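Asker: Predicted structure and sequence below. I'll ask about it afterward.
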Amino acid sequence: MPGRQLIMNFEVTPTSHTLEAYRARGGYATLEKALTTMQPVDITKEVTASGLLGHGGAAFPVGRKWAVMKPGSDETHYLCANADEGEPGTFKDRWILENAPHLLVESMLIASYALGVRNAFVYIRGEFDLPYRRIQGAIDEAYAAGLLGAKLHGTPFELDIVVYRGAGSYVCGEASGLITSIEGRKPYPRNRPPRLTVRGLYQKPTVINNVESLANITGIVRMGAEEFRKVGTAKSPGTQLISISGHIAKPGVYEVEYGYPWARFLDEDCGGMLHGAKMKCIVPGGISTKVLTRAEIEPLMLSHESVNPAGSGLGSGGMIVIAEGTCMVRLLQVLLRFYHHESCGQCTPCREGMGWMHRIIDRIVAGQGVPEDIDRLYAISEANDGTTICGMGDAAGYATVGILNKFRDEFEYFIANKRSKCDGRLECLA
Amino acid sequence: MPRLTIDGREIEAPAGQTVMDAARAAGIFIPYFCWHPQLSVPGNCRICVVGVEDKGGEWIDIACNMPVSEGMVVHTNSEGVRQRRKDTLQFITLNHPVDCGICDKAGECTLQDYHYEYNGERSLSRDAKNHETKHHALSPRIVLDNERCIQCTRCVRFTREVSKSNGLGMQNRADHSLVRAVEDGSFANDPYSDNVIDLCPVGALLSPSFLHKARVWYLKPTASVCPGCARGCTVNLWHRRPEWRLRAPDMRAQNESIDRVTPLENPAVNGPWICNKGRDLAKLLGRARAEGAMLKGRAAELQGAIAMARSLIAAARKPVALVSSWGSNEELAAFRAAFGERLDARVKADHAPEPGEVVEDAILIRADKNPNTAGAKAIFGDAPPDIPKDADLVLVWGEGLDFNRIPAGAKIVYLNAWLQPENGHADVFIPISIQTERSGHYTNFAGVTSAFAKCFPKPAQAADAETLFASLALAPGGGP
């Protein structure tokens, strides 16, 4: 395994997700420690000091989000775990929900204590079946064991967690779309300001954290921020769960300590390319991050400060490895079909722009492209950048521009010759 | 209060106000589709972008959701802003059919105006547009052209925030989004549904009664007051411009008809809304008119009928008058001036709620279905419209009285505009003008007085009520 493990640090067995097994690993001891020895503000301080970065994709410091909340005030506060893991290529929260659901429950208890939350939610995507049964099972076990819905360790603190199953939309993973969905409405993202930590779920201050971000809370409180910072790098403390798929020998979920060499991770830990193929490029963190070529990742470490200057990002940790011979035009077609399908249709640039880009790429693949189409795709991406309510419009633009910048010749070839430059060259699947 | 600069002008705006509101208060125009002063801010059309100076550069965001802050420098027409607007208009017209030639909104369409003002370029797309339903009935009163819809959600928000019927919602996603009525029929029962036609910034929401009836530039609005209830909403009555009147011989009905009714914004009375009854004023005011004066049901000359009425009134020992709550303040004052205390005058309700009509609600609609009850009662007092048993003459002004309530033997002088069976039962019947044929004022239930103006000439056979009263009150030999 690449580096130290904070989350995937136990052996997965058919019963390792149960309360009994979790307790045997020392589970819920940290909760007791937090409730009996720490004040809520101490926990927030500890999380801020740990430098934990959000694992949903934007790498926003968790402590900075939490610090906005005023746990002592009379106002109701909400906590919501974002388990709507919808970014294509990403399936790491699923691992936590399936194998360590009690880690999430304990972390949510600690976080709720820190944030003054009485009711917390887990928003889980509708397609997740086993993860849903596992997290709901863990919550049921916690209720039965008196961990939820009851005053704990002699404190007035108690918490209820409700699991809310989404109906399957990419935009529900966007924090404000997610809470709108919980409120029972169409998940249109909301304009900022106000930020969700000021007016969120039911117009109350709400913290929405990714499942993996929350799962780290227990570890941080258990070992202390200082110990936590010893894992990873100075600017990217801790670990990241990487879900890797595509033309790779050993796809799956890996916990990677920040600062681990990227090339070594691919070649050694993931067993190299599928059937020894040559790597063309890699999607580093969900399809909304810009693709990088093998040469570009060669000197990079798996940390935000190493990948960001290369013009991309680790995002949600959803890596997709793409072998030489893959047609990037068709790949972009798949991406744009996805973005078009998933645009919520609320704001103009994304609603119309996604459909427009999809139609252009469909026409190119159908052999009816014209040279100006490439510029048009750039222009639409540019017009979507920063003009939409949520980040999805930007994301589609980044993905498109990332591919066009690096593989423009393939698009020009396709338009000029009405066929792919890569037809018949994808050999690794043979 | 934060001070900020918009387009080089320094203005002061209350903290918490948006740049959009601050700019409007200062008279600086920022274009918008989805924003509306009376509705929540969805920020979805993205046309109201402005640039804010920031560290030598500029960040661009929507003005409708941008709070003002101290020292901020806003540009509404910078290079970047102009480009963003062009981009947005390209997006909005991407699937818009641009069928202005057959669109009722053409001539007053925000999208048309903005296109010429801020874009002016043909579409950059070479692909086919999405096709959707062109004629979808949201309710019997509203049809929706889905191709023209730009999904600003003003109509949806209106039903949620103003009319509270929650009758509309958005269906599907991306560029297949559609505005649809919810299935329980609450939109069809929304008495304010027609406001969405005015709210629509493009020609997507249309009224079947006005559909393809006239190009708006052939019409002109005349300020008026809705007589449908005691609220007295100010409205615009749209009718054919005199200079565009149709000259064929049988076109009088078209030249002198109310083609549509829109609200005339008035914060003191109705804000920017009116109810559906007000939209249907053409029906209320377009009913069949009384054809001429009558004496005991037989046609007579107008002057002869007036003379007869005058002598009957002069001869009466105990004359009683029931005055109309549809009379204007001017007419009511003329009545009082002409007859003084000689007639025992009482205010009657010309109209009662129709079966199925919304009687009263908390938004606009009032239970009293007459426009000027308050104005009439201010002059004639609050006495109930009973007729004393010993009355020997009853002067009835306006419709809506059951003639069986008039004591047998009493003479009846009836002034009414409409063709109704009672007309023939009166001893003297005199047709009078209606609201659209004269100017005047109504006073609503809250004491607010609003003016209405004349739209059409009075038919030759009808008398003008305001001047009629003076001639009715003259003594038979001349002189009062």
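Answerer: Sure thing, it's come through.

Asker: so where is the chain shaky, pLDDT-wise?
Answerer: Since you didn't name a chain, this refers to chain A. Flagging of chain A using pLDDT under 70 yields the residue ranges A:1, A:428-430.

Asker: switch to chain B, that's the one I care about
Answerer: B:475-480.

Asker: which residue ranges form the helices in it?
Answerer: Here chain B has its helices, by DSSP state H, at B:19-25, B:79-94, B:110-114, B:154-161, B:195-199, B:252-255, B:276-279, B:281-285, B:302-315, B:329-339, B:373-380, B:465-473.

Asker: just the stretch 251-400 of chain A next, same as before
Answerer: A:262-264, A:294-297, A:304-307, A:328-342, A:348-365, A:372-384, A:392-417 (DSSP state H, counting those that start in this stretch).

Asker: Pick the most buried one from the ones you listed.
Answerer: helix A:348-365 (a mean of 25; mean count of other C-beta atoms under 10 Å in any protein chain shown). For the C-beta atoms, the positions are set from N, CA and C on the backbone; glycine is no exception.

Asker: Would you check how far apart the residue nearest the centre of chain B and residue B:194 are?
Answerer: Residue closest to the average C-alpha location in chain B (C-alpha atoms, centre = their mean): residue B:235, at 3.1 Å. Distance of residue B:235 to residue B:194, given as C-beta to C-beta, to the nearest Å: 12 Å.

Asker: Which neighbours do those two have in common?
Answerer: residue B:274 (C-beta atoms under 8 Å, 6 or more residues apart in numbering or on different chains).

Asker: Reformat the helices of the stretch 251-400 of chain A as JSON lines; add distance to chain B.
Answerer: Shown next, in JSON lines, are the helices of the stretch 251-400 of chain A (distance: least, C-beta to the nearest C-beta, whole Å):
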{"stretch": "helix A:262-264", "distance to chain B": "33"}
{"stretch": "helix A:294-297", "distance to chain B": "28"}
{"stretch": "helix A:304-307", "distance to chain B": "23"}
{"stretch": "helix A:328-342", "distance to chain B": "6"}
{"stretch": "helix A:348-365", "distance to chain B": "4"}
{"stretch": "helix A:372-384", "distance to chain B": "4"}
{"stretch": "helix A:392-417", "distance to chain B": "10"}
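
Asker: wait, which of these is closest to residue A:100?
Answerer: Nearest of the helices of the stretch 251-400 of chain A to residue A:100, taken as C-beta to C-beta: helix A:304-307 at 23.7 Å.

Asker: Can you dump the C-alpha atoms of the closest one in CSV for me?
Answerer: C-alpha atoms of helix A:304-307 as CSV (Å, rounded to 0.1, in the frame of the first residue of the first chain):
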residue,chain,number,x,y,z
HIS,A,304,-2.4,19.1,-4.1
GLU,A,305,0.6,21.3,-4.1
SER,A,306,2.3,19.1,-6.6
VAL,A,307,-0.6,18.5,-9.0
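
Asker: and that helix, what does it pack onto?
Answerer: Here helix A:304-307 touches no other helix or strand, going by 3 or more C-beta pairs under 8 Å, 6 or more residues apart in numbering or on different chains; DSSP states H and E.

Asker: Quick one: residues contacting residue B:446.
Answerer: Residue B:446 neighbours (C-beta under 8 Å, 6+ apart): B:269, B:374.

Asker: Could you measure from it over to residue B:53?
Answerer: Counting by C-beta to C-beta, the gap from residue B:446 to residue B:53 is 47 Å.

Asker: ok, now residue B:429?
Answerer: For residue B:429, the distance to residue B:53 - C-beta to C-beta - is 75 Å.

Asker: Any idea which of the helices of chain B gets closest to residue B:457?
Answerer: Using C-beta to C-beta, these put helix B:252-255 closest to residue B:457, at 10.1 Å.
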